[in-house]
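Student: Coordinates only, no sequence provided:
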């Protein structure tokens, strides 16, 4: 588990995501996709939430790689999830690419948000080579 409280924590989560993907045998492009998605989500948790956390799981088996990251926070939640998932939408003055960009980088994307906080789960899934 990685705490997400300050900017340096975002970098640590990104490095951990890349290392997990590398250790699992994923190629450089998939390592980058997974690390970038985690970085975007972690940045949002630090910027908009509080008491953020990032956990990683290797859910793969003999047939496939399946790496999961779950980024959560105890912030105020996202008032309009549909709007937040649109390209260009931002409440913080950014380009608004974080959530929709992360969604495009991974194979599984699930977001749940309430006034008690937000939880985003992402997975990258690839077949194992024989």
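Tutor: Received it, and whenever you're ready, just let me know what you need. Keep in mind that this is a model prediction, so the values were computed, not measured.
Student: Next one: residue 21 relative to residue 68, how far apart?
Tutor: Distance, residue 21 to residue 68, by CB to CB, to the nearest Å: 11 Å. The way it works is simple: take the backbone N, C-alpha and C, and place the C-beta from them, glycine included.
Student: Residue 36 too?
Tutor: When distance is defined by CB to CB, residue 36 is 16 Å away from residue 68.
Student: lowest confidence element among the helices and strands of the protein?
Tutor: In the chain, no helix or strand scores lower on mean pLDDT, DSSP states H and E than helix 81-84, which sits at a mean of 85.
Student: which residues are contacting that helix?
Tutor: 78, 89, 99, 111, 113 (CB atoms under 8 Å, 6 or more residues apart in numbering).
Student: what is the mean pLDDT for stretch 104-121?
Tutor: Stretch 104-121 shows a mean pLDDT of 96.
Student: what comes up buried for stretch 70-86?
Tutor: Neighbour counts over stretch 70-86 (16 or more other CB atoms under 10 Å) mark 70-73, 75, 77-78, 84 as buried.
Student: Confidence-wise, which of these comes last?
Tutor: Among the buried residues of stretch 70-86, residue 84 has the lowest pLDDT, at 82.
Student: where does this structure have low pLDDT?
Tutor: 89-97 (pLDDT under 70).
Student: At the geometric centre of it, which residue sits there?
Tutor: residue 38 (3.2 Å; CA atoms, centre = their mean).
Student: Assign it to helix, strand or coil.
Tutor: Secondary structure, DSSP: H, G, I helix; E, B strand; the rest coil: residue 38 is helix.
Student: quick one: it and residue 68, what's the gap?
Tutor: 10 Å.
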